[in-house]
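Visitor: The following block contains a protein sequence and its predicted model.
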Amino acid sequence: MLTDYHNHLERGALTLDYLRQFTDAAVKKGIQHFGISEHAYHFYQTKNILSNPWVDARRCYDMDDYVRLFHEAWDAGLDVKMSIEMDYTPGKHEEMAAFIRSYEFDYVIGSIHWVDDFGIDLAEYRHEWERRDLYDTYRKYFDQVVTLAESNLFDIIGHLDLVKIFKYVPEDEEFLLEQYDRATTALANSKTCVEISTAGLRKPVGELYPDPRLLQMCYDKGIPIVLSSDAHVPEHVGADFDKAVELARSVGYTELMTFSKGERKAVPLG
């Protein structure tokens, strides 16, 4: 079995025709469990959770239209899960919980893209990596991984070590492994699964998320996994899944987690 639970329609339109391009690609790639997880910041209903100039300029969707699209897809016989990728926002747990409860998501992805006012994965902010303390940014990033897990709001954490995207990585391995250890301990005590994401292969870092040492800690602590491509165009659905499966098996995984209306079920790794 294969999953691809992290995909976005934002470069096209919230239409059945465009969605079908993604589901058709999933079928061709042999992906049995496929979902769309649009960025929550695009929706007017999340303004009370995350708001800054970069995000607000991209808020253009209404959740009613999003939900309607999935009902159209299901009526048309498309096998697609409805999800959202929410920017985990410290101090907004009640607002995030209220939003998640308002919709019948099959699963919810929580991701960290912001460290204070720093959009860590955005090209517009790349220069900030040279201005800020690398170790402080990493520590704050993994602080959020810990509190994301402790919130127990999310089924999956997206691209667990996204912070490495531009190849800014601490040289102090002891420090890095300390961040990995506290993050995986918190995740192991939550319901949160970790995705192996192939998106990093298409980014400057040129690596899968997460780092093999980090994924090994996930396996050793019994944290379930899913596979994801983080596709923003249909052509990237299921991209490089052979490498994701190889990484999963190399640390010991033999199962993936699947989701349907909040229910989870382990299946053999394809």
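Guide: Cool, the structure landed.
Visitor: Which elements pack onto the host helix or strand of Tyr219?
Guide: Counting by DSSP states H and E, the element that carries Tyr219 is helix 212-220. Packing partners of helix 212-220 (3 or more CB pairs under 8 Å, 6 or more residues apart in numbering; DSSP states H and E): helix 173-188, strand 193-197, helix 241-251. Backbone N, C-alpha and C define where each C-beta goes, glycine included.
Visitor: Output that helix as PDB - backbone C-alpha positions only.
Guide: What follows is helix 212-220, C-alpha atoms only, in PDB (Å, rounded to 0.1, in the frame of the first residue of the first chain):
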ATOM      1  CA  PRO A 212      17.600   9.400   8.300                       C
ATOM      2  CA  ARG A 213      18.800   9.800  11.900                       C
ATOM      3  CA  LEU A 214      15.600  11.600  12.800                       C
ATOM      4  CA  LEU A 215      13.500   9.000  11.100                       C
ATOM      5  CA  GLN A 216      15.400   6.200  12.900                       C
ATOM      6  CA  MET A 217      14.400   7.900  16.200                       C
ATOM      7  CA  CYS A 218      10.800   8.000  15.100                       C
ATOM      8  CA  TYR A 219      10.900   4.200  14.400                       C
ATOM      9  CA  ASP A 220      12.700   3.400  17.600                       C
END
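Visitor: and Ile156, how many neighbours?
Guide: 28 (other CB atoms under 10 Å).
Visitor: swap in Phe22?
Guide: Neighbour tally, Phe22, other CB under 10 Å: 25.
Visitor: Not counting sequence-adjacent ones, nearest residue to the spatially most central residue of the chain?
Guide: Nearest to the geometric centre of the chain sits Gly158, at 2.3 Å (CA atoms, centre = their mean). Using CB to CB, 6 or more residues apart in numbering and skipping residues adjacent in sequence, the residue nearest Gly158 is Ser111, 3.5 Å away.
Visitor: does Ile157 really touch Tyr107, like I thought?
Guide: No: judged on CB atoms under 8 Å, Ile157 makes no contact with Tyr107 at a distance of 11.5 Å.
Visitor: most residues in a single helix of this protein, which one?
Guide: The longest helix of the chain (DSSP state H) is helix 134-151.
Visitor: Quick one: residues in contact with it.
Guide: Here helix 134-151 makes contact (CB atoms under 8 Å, 6 or more residues apart in numbering) with 88, 90, 93, 96, 110, 112, 115-116, 118, 120, 129, 154, 157, 160, 163, 168, 170, 172, 175-176, 179-180, 182-183, 186-187, 189-190, 192.
Visitor: and the angle for that helix with helix 173-188?
Guide: Interaxial angle, helix 134-151 versus helix 173-188 (axes from the mean of the first three to the mean of the last three CA atoms, to 10 degrees): 10 degrees.
Visitor: Tell me which residues of helix 134-151 come out buried.
Guide: Of all the residues in helix 134-151, those buried under the rule 16 or more other CB atoms under 10 Å are 134, 137-146, 148-149, 151.
Visitor: pLDDT of it, averaged?
Guide: Across helix 134-151, the average pLDDT comes to 98.
Visitor: same question, stretch 180-196
Guide: Taken as a whole, stretch 180-196 has an average pLDDT of 98.
Visitor: thinking again about what came up before, farthest pair within the buried residues of helix 134-151?
Guide: Using CB to CB, these span at most 26.2 Å, a distance reached by Leu134 and Ser151.
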